[in-house]
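**Student:** fold the stuff below for me.
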Amino acid sequence: MDMCPLCNGFEEKMILCPNCGTIMADDGRATDFLDDYSAYMDIDTMKLYDGVLHSLEQHECVHQYSCGNCLHEEIAVIKE
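**Tutor:** Numbering: from 1, shown residues only. Take a look at the predicted model:
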């Protein structure tokens with residue numbers, strides 16, 4: 001069984017904001033922000049909607065990062 005090391009607290013990934021250089025916050029899985037109920041849906045099913053073509057087959061988890069300084073947002077693909 002593949003598990004995302006960020007979702008499960010095994011690792012942390014720090015990303016610097018390309019605009020201002022501040023460390024961006026990991027907001028969690030990008031699919032959790034699709035609607036009010038997506039955070040409660042099956043993770044593998046939601047990978048079909050995460051915007052990364054082969055995230056399910058490649059065992060990747062798409063995380064959303066945000067900058068608290070300039071409000072820049074981006075995604076990062078994490079290997080499970």
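**Student:** spatially central residue in this structure, please.
**Tutor:** His63 (0.7 Å; CA atoms, centre = their mean).
**Student:** ok, that one - contacts?
**Tutor:** Leu6, Lys13, Asp26, Asp27, Gly28, Arg29, Ala30, Ile75, Ala76, Val77, Ile78 (CB atoms under 8 Å, 6 or more residues apart in numbering). For glycine as for every other residue, the C-beta is placed from the backbone atoms N, C-alpha and C.
**Student:** doesn't it fall inside a strand?
**Tutor:** Yes: applying DSSP: H, G, I helix; E, B strand; the rest coil, one finds His63 inside a strand.
**Student:** contacts only, for the residue nearest to Lys47 when sequence neighbours are not counted.
**Tutor:** Distances taken as CB to CB, 6 or more residues apart in numbering place Leu56 nearest to Lys47, at 4.2 Å, with adjacent residues excluded. When contacts are counted by CB under 8 Å, 6+ apart, Leu56 touches Asp44, Lys47, Leu48.
**Student:** pLDDT wise, what is Leu56 at?
**Tutor:** Note for Leu56: predicted pLDDT of 95.
**Student:** export the worst-scoring helix or strand of the chain on mean pLDDT as PDB, just CAs?
**Tutor:** In the chain, no helix or strand scores lower on mean pLDDT, DSSP states H and E than helix 43-46, which sits at a mean of 94. Extracted as PDB, the C-alpha positions of helix 43-46 are listed here (Å, rounded to 0.1, in the frame of the first residue of the first chain):
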ATOM      1  CA  ILE A  43      -8.200   9.300  -2.200                       C
ATOM      2  CA  ASP A  44      -7.600   7.100  -5.300                       C
ATOM      3  CA  THR A  45     -10.900   8.200  -6.800                       C
ATOM      4  CA  MET A  46     -10.000  11.900  -6.300                       C
END
